[in-house]
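Asker: Pasting the sequence and the predicted model now:
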Amino acid sequence: MKRLCLAALLLVYGGSALAGGQAVKAVHYQLGYKSGDIYTVGGSDSSVNAFDGSVTFPLVGYLGGSVSGYYDHYSLATNFESQGSGLTLANTLPHCIVNEKGLAANLFLRDPSLGRVSAGYGEGQAMAHCQSTFLASGGPKLDTKSYDAAAQYYLRRFTIGVSWDQTRFNSLDRFTSDSLTGSWYPTNILRVDLSTYGQDLKNTYSIGVEYQPEFFDNSSGLWASYTRRHQTVTNNIIMVGIRYYFNRRINLLERDREYR
Amino acid sequence: MRLGWPVSGNRCGCRNAVRTDASCLIMQGGSVRFAVRVTRAIALLSIVAGLSACGTGNQQPVASAATNSLTFSVNSPDDPTPAPQTFTASVSPGTVSVAILHGGSAVANATYTLSGNTAQVVVDPASPSTLGSGVFSGTVTVTGYSCGNPTCSQLVSGNSQVIAVTYNIPSIVRYVAPYIGVASSASPTTASGSVIIRGQGFEAFPVQGVTFDGTAATSFSVVSDTEIQASYSLPAASTAPVSYPVQIVLPPSSLQPASKASLVIVPVTNYSATAISYPPGVTGVEVDQLLYDAGRQALLLVANMSSGPSPELWRYPLSSGSWSPSPVQTALAPLVDIALSTDGNELLALSQQELTELNPATLAPFTLAPFPQYTSIPTPAPGLATGVNFKNLAVANDGNAVVTTGNGSTGSTGVWLYAARSPAFTQPSTAPSLDNATPGASADGSIVALEQGDPSLASAPPDAYEYIASSGSFAATSAAINQNGIAPALALNQSAGHIILNGTNVYDGSFNYLGSLLSTTQAVVLSPDSNCAYTFDSSGYVLTYDLANGPSGGAFAPLGSGLSVSPGAGPVKMAITPDGNTLFIAGSGQILVEPTPTQCR
């Protein structure tokens, strides 16, 4: 927490010191919906449907902020077997429903010609609607607090980003992850992302693409991603989504580096 | 393999030692502008690097359990629910959430207590009576979930440990109806007939045959999962009843069935005509019910008296060829009706507000001891409204007694079912509300007819109802009639049948009206083959009707002039032996034992 506060102070200081620049050109609103399938190899499909939204706004100079929220509805697979058990299953309750919701706030320093440094804090809650217990809470409800720090470097049509995230559960348990992401803009309306994760998300790789078609008057973005997580059990996650941008008819590259 | 961090360093230490002179190296070999950008980028990244902390190094959740399977077994659907079974499951570190779910009909519930990463899982099997017969399966699944994205706003499934649950519930033969078979009059050492076998699981397993104490049925037909119709030809003794346990035959690989049913073959009755007196000093007897217990050769009678304790249950056993002049007596005030249970093992004594199960031989109330499944005897009324009492009962072949209620005046009240083997009143959704209904059951228990209403009602007569034992449901019949106090008489078999309502209206087995008997009828019984009706007429005669030959002009005519009898004044009740050879006629003065007239045998 101390480090996060320090980071925030640095950001504020930096933003003030660099007054005259502009982290966010104008307030930016977006709303998104995503749907996906999480397949655990050897098992069954889980599904997710989710809504999210965010608003990004300028503060002082290079300093900007954002507030975001999400609501996810998971139908998590349960009826697959351990390796080698060889059981044929019948009539098993196939899924466990889990709903998650959360809010997060973010402060960041951005020089649109250089990159972005950010720190954030969020709170969330997961609620399982089956006979499920979160180990950290001992019940069907899990409260989380998340801290994150990230940096992006803009290099022509490439963006290189690193991030660090830590999520704390009800008790002292924590889940920490860091990632490295490389993004490429073949055109101003198309972005391709490659990511890899470490620590608790080790052996996790992701490829994604976001496309903002001009014939929607730059109001909407379509995206898709594939994530593979290979540990004792392998998960393949495919997500597709759509985002709607309320008030800014700009291309994707500009949106990413100057508005959100 | 880990690609998650762009700089080297000890992951569990602080990573702020990024070399700031890296840009200088680049500057020496490339453009200054590019080097500046890289320097600035590294500076940005270093801020993030300085903020990073150590994680807990979790792994993908793996669930494991101490067992892969659980098996529950009972002897029949009538058994109590077996005790729960417990197993231990554990998940590896890194698990955020554990779900322990159950599915399949075999498992009623799975609960668990969690201690660290170990769960004690208690699996409760479903009730055997709920499931019925068969081999049922279920599963209990222990699944661990972990975070699927950095903020843990996405969960992903780890693998699951699945425990297969198998639940073995054999089929059961509960009842055979009628439970009394009779020796042949022509060949007293043999008995043949047909029965309805009731139970559960007859379609869950392939029934290959039916046996009576090992002797195969001459034919059988599986009607439903709960019913088999079978015919038999068995040895009979000339002096004493012979009991034949009834069993179904299944392949050796199937769960072997349980049976609680026995067919009792009784000798042919050749009772001489006689009169049985009521106990000395008793006057003004009003007979509410008269039963013949063929398995024990005894008469049972519910007597209301103008003097002495009232009402009473009397039992007249036949001993050494003579009817006991001194009945076994018991008072169960206010007793209203009696019936033998489907298997004849209990005498159901219905009082106005409770039902007591008696030993048919001693009339002693059963205690809990011989029936551990009982919770209370007698069984109280199921919350009857004020002024509503039990009225009558008749027993079906599914083990249920159909119990009617009344309020002493015109008005509809509920009809209940009473299960003798698990004493409790229930009311199926099809149970109607009837106006002081009176039930009557066929000997095979397949149908209980219910007539209702009051003769003084001016409105359209109400429907007669039937309880259909094969489906356990009630239904209105095509017959509509206001009852006159004479209980329905039914004699049904697999090929034919007759039903008489009000002692006068004759219907076929499907309640299609055929014709009428004399309107002066005061009591009626049907021969077991349903072809003959014997009535007590207000003229003081026992009249015989041949129902096999249709009515003439809408009426059946009595055969001959009848048999003059004097049971006494007041309501008269009649009973008949299962072989159709003997009539019992009880009035206010005495009980008469009369060989049935030969015109219709």
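Answerer: Nice, I can see it. Keep in mind the model is a prediction, meaning the values are calculated, not measured.
Asker: Run a quick neighbour tally on whatever residue of chain A ends up closest to chain B.
Answerer: Proximity of chain A to chain B (CB to the nearest CB) peaks at residue A:198, 2.1 Å away. For glycine as for every other residue, the C-beta is placed from the backbone atoms N, C-alpha and C. Each residue near residue A:198 was counted by other CB atoms under 10 Å in any protein chain shown, and the total is 21.
Asker: is it fair to say it lies in a strand?
Answerer: Yes. Assessed by DSSP: H, G, I helix; E, B strand; the rest coil, residue A:198 belongs to a strand.
Asker: just for the stretch 351-500 of chain B, where's the confidence low?
Answerer: Within the stretch 351-500 of chain B, the stretches with pLDDT under 70 are B:367-378, B:493-496.
Asker: Can you report how many residues neighbour the residue of the stretch 401-550 of chain B found nearest chain A?
Answerer: Proximity of the stretch 401-550 of chain B to chain A (CB to the nearest CB) peaks at residue B:472, 26.4 Å away. Around residue B:472 there are 15 other residues, counting by other CB under 10 Å.
Asker: Look up how far residue A:167 lies from it.
Answerer: 57 Å (CB to CB, to the nearest Å).
Asker: And residue B:337, by the same measure?
Answerer: Applying CB to CB to residue B:337 and residue A:167 gives a distance of 73 Å.
Asker: repeat for residue B:542
Answerer: For residue B:542 relative to residue A:167 (CB to CB), the value is 93 Å.
Asker: what's the answer for residue B:504, then?
Answerer: Taking CB to CB, one finds residue B:504 at 86 Å from residue A:167.
Asker: Equivalent analysis for residue A:142, please.
Answerer: Taken as CB to CB, the span from residue A:142 to residue A:167 is 10 Å.
Asker: Check residue B:311 too.
Answerer: From residue B:311 to residue A:167 the distance is 79 Å (CB to CB).
Asker: Quick check: residue B:582 touching residue B:273?
Answerer: No. Between residue B:582 and residue B:273 there is no contact under CB atoms under 8 Å: 9.1 Å.
Asker: With neighbour numbers in mind, choose between those two.
Answerer: Set residue B:582 next to residue B:273 and count neighbours by other CB under 10 Å: residue B:582 wins out with 20 against 12.
Asker: Read off the pLDDT value for the more buried one.
Answerer: We note a pLDDT of 95 for residue B:582 in this prediction.
Asker: which residues touch it?
Answerer: B:269, B:271, B:576, B:593, B:594, B:595, B:596 (CB atoms under 8 Å, 6 or more residues apart in numbering or on different chains).
Asker: And these, which is closest to residue A:128?
Answerer: residue B:576 (67.2 Å; CB to CB).
Asker: Residue B:595 contacts residue B:581, correct?
Answerer: Yes. Using CB under 8 Å, residue B:595 is in contact with residue B:581, at 6.3 Å.
Asker: In which helix or strand does the nearest residue to residue B:489 once chain neighbours are set aside reside?
Answerer: Counting by CB to CB, 6 or more residues apart in numbering or on different chains, residue B:500 is the residue found nearest to residue B:489 once chain neighbours are left out, at 4.3 Å. If you go by DSSP states H and E, residue B:500 is part of strand B:497-501.
Asker: Now that strand - C-alpha only, PDB.
Answerer: Backbone C-alpha positions of strand B:497-501 (Å, rounded to 0.1, in the frame of the first residue of the first chain) are rendered in PDB as follows:
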ATOM      1  CA  GLY B 497     -67.000 -57.300 -12.900                       C
ATOM      2  CA  HIS B 498     -70.100 -55.800 -11.300                       C
ATOM      3  CA  ILE B 499     -70.600 -52.800  -9.100                       C
ATOM      4  CA  ILE B 500     -73.800 -52.200  -7.100                       C
ATOM      5  CA  LEU B 501     -74.600 -48.800  -5.700                       C
END
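Asker: Quickly run through the sheet partners of that strand, with directions.
Answerer: strand B:489-492 (antiparallel), strand B:505-508 (antiparallel) (DSSP bridges).
Asker: which residues are contacting the last one?
Answerer: The one in question is strand B:505-508. B:479, B:481, B:496-501, B:513-517, B:533, B:547, B:551, B:556.
Asker: Tally up the residues packed near residue A:188, please.
Answerer: Counted with other CB under 10 Å, residue A:188 comes out at 16.
Asker: ok, now the one 4 residues further on?
Answerer: Look at residue A:192: counted by other CB under 10 Å, it has 14 neighbours.
Asker: ok, residue B:504 and residue A:167, which is more surrounded?
Answerer: Using other CB under 10 Å as the criterion, residue B:504 and residue A:167 rank with residue A:167 on top: 24 against 20.
Asker: Phi first, then psi, for that one.
Answerer: In terms of degrees, to the nearest 10, the main-chain angles of residue A:167 are phi -120, psi 130.
Asker: For it, give me its contacts.
Answerer: Residue A:167 neighbours (CB under 8 Å, 6+ apart): A:144, A:145, A:146, A:147, A:174, A:175, A:176, B:147, B:150, B:151, B:152.
Asker: what's the nearest residue to the last one if we skip its chain neighbours?
Answerer: Same thing as residue B:152. residue A:167 (4.4 Å).
Asker: For residue A:102, which three-state class applies?
Answerer: Going by three-state DSSP: residue A:102 is strand.
Asker: any idea how far it lies from residue B:138?
Answerer: Taking CB to CB, one finds residue A:102 at 36 Å from residue B:138.
Asker: swap in residue A:256?
Answerer: Distance from residue A:256 to residue B:138, by CB to CB: 52 Å.
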